[in-house]
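1. Take this sequence and fold it.
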Amino acid sequence: MKQLSLVCALLLGSIALCTPANAKVFFRVAMPFLPPADKTGIQDLVLQWPSQDSFAIAQLRSQGYRVWLQCEAKELTAAVTAAERTKAAGVIIASAPSSGQPTLSEEIRSYMATHKNTAFRVLISGGKQPQMKGRLVVERNGVLQVSSPSTQPWLDTNLAIVRLAQATYPDSVPTIYDFRWEPAEAPAGAWKPDAEDFALAIAESDADRADVIIDFPAPLQKALNEGDQQAWSLWKKVMLYLKFSSQAQKAKTQPVAGLGVIVNEVLASYEPVNLMARHNLAFEVIRPSALTLARLSTWNSVIVFCSLTAEAAAMLRDFAAKGSVVIFVNPHDEFPWHSAAPDRREAHSAAYTIGSGQIVELDEPVIDPENFARDIRRLIGRERSAIALWNSLTTLVTAYRKEDLRDATLYLVNYADQPDNVQVQVRGHFRQVRWESPEVPCCASLPFAERDGFTEFTIPSLRIAARVHLDAEKSSAAH
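-> Take a look at the predicted model:
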């Protein structure tokens, strides 16, 4: 088993992947009529191309907005020409292949090199409206089954597609996701989506450190432009979250993640990765070609969803021998450790002791992602978890740190429709814990305790979003 000092490197050691400096919220609009940007708190607007004419772009730019054109991949050349002619801020490329094929990435990088005044984003498909649902529906043997009311509530989140996109596209090709509002009935005189729906979408983007496009409903857009008091009452609440998101740290950060996930087919691995995100397993996703000793040095556990080369398998064997856990899902390869009988064999799994660590092989695809995520947390164990929440079923947490600092920042998002007291455990020792939210200006100190290598604290009455700043010990690293 790894020593605590090695586990704590999740927070304090170097981590290879960097996330964007800060998440940006884009609003997709259908018409060029809005109050000025300094009134709405919005910076970036998206127009579908080629349906919008140059007048719409000029109108919105004159009101202080940065305007982006969204186009299909096949229309990229014409859209870039239009963006430069109308002085649009950038181009968002939709309908890009989910595989992140090299030719597309190379084409985008070529455009970025030759069109310095135009920014680019690749739109990742598969986004869904952030929300909490009461029941989980799973398929077992071709039959849909609905969970009982006593089980954990189902959260629709976008963290999984963000992590998978980071593995699919190189750092040089920025990505963005979007979603569509689900139809919902609203009481007479009320708006739907409401302020809380917008706030949750903004908070999730902030926590994922990923850009998002949010559809701006035409009736709300029109009402704001006409000065409707009820519409402005809603939007002022949304502006509170836009401002909070814009105040996040601007420097590039690195995710706090002790678990590596290796995938090749993104769609095939989406559901288990999604449920791991739902269970607050801090992880990074890479393709097999990105597996290196430097990357392994930042993790203490690895899940493999695809075939590997002999060299990669040897790296993972050595990784396990030093006290880590490696889990293969439905493997079809022969490995060197198969020369000995497993130490434990069950109906659909086998476990091998390798040095001071363990390799586990699950002999079938993931059938029930919910149980899979629970099994992964059990196999990894509390001692390898960088972050954990308890007594909170509706909150997700992510964590990041700057490369040259030991301090960490946690982002928490509560998907429920009521405030929650969230209890948090973070591996490591810290001299101060501070928190902020749209409702609590930066920064309020939180009492905390240290137990068994974890710093523990409670966030009182988390409404939707919060950031927690963990200031490390000045003199030495946590251990």
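2. got a list of contacts for the helix or strand where Val80 lies?
-> Here Val80 sits within helix 76-86, counting by DSSP states H and E. Identification of contacts with helix 76-86 by C-beta atoms under 8 Å, 6 or more residues apart in numbering yields 49-50, 54, 57-58, 67, 69, 71, 88-91, 93, 107, 111, 115, 117-118. For the C-beta atoms, the positions are set from N, CA and C on the backbone; glycine is no exception.
3. hmm, try it at 10 Å
-> Outside helix 76-86, the residues that touch it by C-beta atoms under 10 Å, 6 or more residues apart in numbering are 47, 49-50, 52-58, 61, 67-73, 75, 88-93, 96, 104, 107-108, 111, 114-115, 117-120.
4. For Ala113, grab the count of nearby residues.
-> As a burial measure, Ala113 scores 9 neighbours (other C-beta atoms under 10 Å).
5. Can you verify it is assigned to a strand?
-> No: assignment of Ala113 by DSSP: H, G, I helix; E, B strand; the rest coil gives helix, placing it outside any strand.
6. Spit out the contact partners of it.
-> Ala113 makes contact with Ser172, according to C-beta under 10 Å, 6+ apart.
7. what about it, distance to Asp38?
-> Distance of Ala113 to Asp38, computed by C-beta to C-beta, to the nearest Å: 34 Å.
8. Against which helices or strands is the lengthiest helix in the chain packed?
-> Longest helix in the chain by number of residues (criterion: DSSP state H): helix 229-246. Helix 229-246 sits against strand 25-28, helix 37-40, helix 195-208, helix 218-225, strand 465-472, with contacts defined as 3 or more C-beta pairs under 10 Å, 6 or more residues apart in numbering; DSSP states H and E.
9. Give the buried residues for that helix.
-> Buried residues in helix 229-246, counted by 16 or more other C-beta atoms under 10 Å: 231-232, 234-235, 238-242, 244-246.
10. now stretch 65-79
-> Buried residues in stretch 65-79, counted by 16+ other C-beta under 10 Å: 65-71, 73, 75-76, 79.
11. How far does that stretch stretch from one end to the other?
-> 19 Å (C-alpha to C-alpha, to the nearest Å).
12. in the stretch 351-479 of the chain, what spans have low per-residue confidence?
-> 404-405, 473-479 (pLDDT under 70).
13. Okay, helices next: where are they in it?
-> 369-380 (DSSP state H, counting those that start in this stretch).
14. And the strands in it, which stretches?
-> 357-362, 387-390, 395-401, 408-414, 420-427, 430-436, 444-445, 448-451, 454-462, 465-472 (DSSP state E, counting those that start in this stretch).
15. residues near the closest residue to Trp435 other than its chain neighbours, how many?
-> Using C-beta to C-beta, 6 or more residues apart in numbering and skipping residues adjacent in sequence, the residue nearest Trp435 is Val468, 4.7 Å away. Val468: 23 surrounding residues under other C-beta under 10 Å.
16. show me what contacts Val468?
-> Val468 is in contact with 397, 399, 408-412, 422, 424, 426, 433-437, 443, 446, 457, 459, counting by C-beta under 10 Å, 6+ apart.
17. ditto for Asn117
-> 83-84, 87-90.
18. Can you flag the buried ones in these?
-> 83, 88-90.
19. Of those residues, which is the nearest to Phe33?
-> Proximity of those to Phe33 (C-beta to C-beta) peaks at Ala88, which lies at 17.7 Å.
20. Check whether the closest one really touches His115, as I assumed.
-> No: using C-beta atoms under 10 Å, Ala88 is not in contact with His115, being 11.3 Å away.
21. Break this protein down into its domains, please.
-> What automatic domain parsing lists as the domains of the chain is 25-246, 257-384, 386-472.
22. want to throw the strands of the stretch 351-479 of the chain into JSON lines with distance to Phe27?
-> Below are these laid out as JSON lines (distance: least, C-beta to C-beta, whole Å):
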{"stretch": "strand 357-362", "distance to Phe27": "43"}
{"stretch": "strand 387-390", "distance to Phe27": "31"}
{"stretch": "strand 395-401", "distance to Phe27": "23"}
{"stretch": "strand 408-414", "distance to Phe27": "20"}
{"stretch": "strand 420-427", "distance to Phe27": "28"}
{"stretch": "strand 430-436", "distance to Phe27": "24"}
{"stretch": "strand 444-445", "distance to Phe27": "31"}
{"stretch": "strand 448-451", "distance to Phe27": "38"}
{"stretch": "strand 454-462", "distance to Phe27": "26"}
{"stretch": "strand 465-472", "distance to Phe27": "18"}
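23. what's the closest of these to Leu275?
-> Among those, the nearest to Leu275 by C-beta to C-beta is strand 395-401 (12.0 Å).
24. returning to that earlier point: and the buried residues of helix 229-246, which is the shakiest by pLDDT?
-> pLDDT is lowest at Ser246 among the buried residues of helix 229-246; the value there is 91.
25. from memory that residue sits against Lys24, does it?
-> Yes: between Ser246 and Lys24 there is a contact at 8.7 Å, judged by C-beta under 10 Å.
26. which residues are common contacts for these two?
-> Going by C-beta under 10 Å, 6+ apart, residues that sit against Ser246 and also against Lys24 are 43, 206.
27. returning to what we had before: the residue nearest to Trp435 and Ile387: what is the separation?
-> In terms of C-beta to C-beta, Val468 sits 10 Å off from Ile387.
28. Common neighbours of the two, please.
-> Residues touching both Val468 and Ile387 (C-beta under 10 Å, 6+ apart) are 397, 399, 408, 410, 424, 426.
29. The fifth one bridge partners, please.
-> Beta-bridge partners recorded for Val424 (DSSP bridges): Leu389, Phe457.
30. What count of nearby residues applies to it?
-> Val424: 27 neighbours (other C-beta under 10 Å).
31. who's in contact with it?
-> Going by C-beta under 10 Å, 6+ apart, the list of residues near Val424 reads 280, 387-390, 392, 395, 397, 399, 410, 412, 433, 435, 446, 448, 454-459, 468, 470.
32. among these, which ones are buried?
-> 280, 387-389, 392, 395, 397, 399, 410, 412, 433, 435, 446, 448, 454-457, 459, 468, 470.
33. got JSON lines for the contacts of Asn117, with pLDDT too?
-> Formatted as JSON lines, these follow (pLDDT from 0 to 100):
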{"residue": "Ala83", "pLDDT": "94"}
{"residue": "Glu84", "pLDDT": "94"}
{"residue": "Lys87", "pLDDT": "94"}
{"residue": "Ala88", "pLDDT": "95"}
{"residue": "Ala89", "pLDDT": "96"}
{"residue": "Gly90", "pLDDT": "96"}
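34. Fine, thanks again, bye for now.
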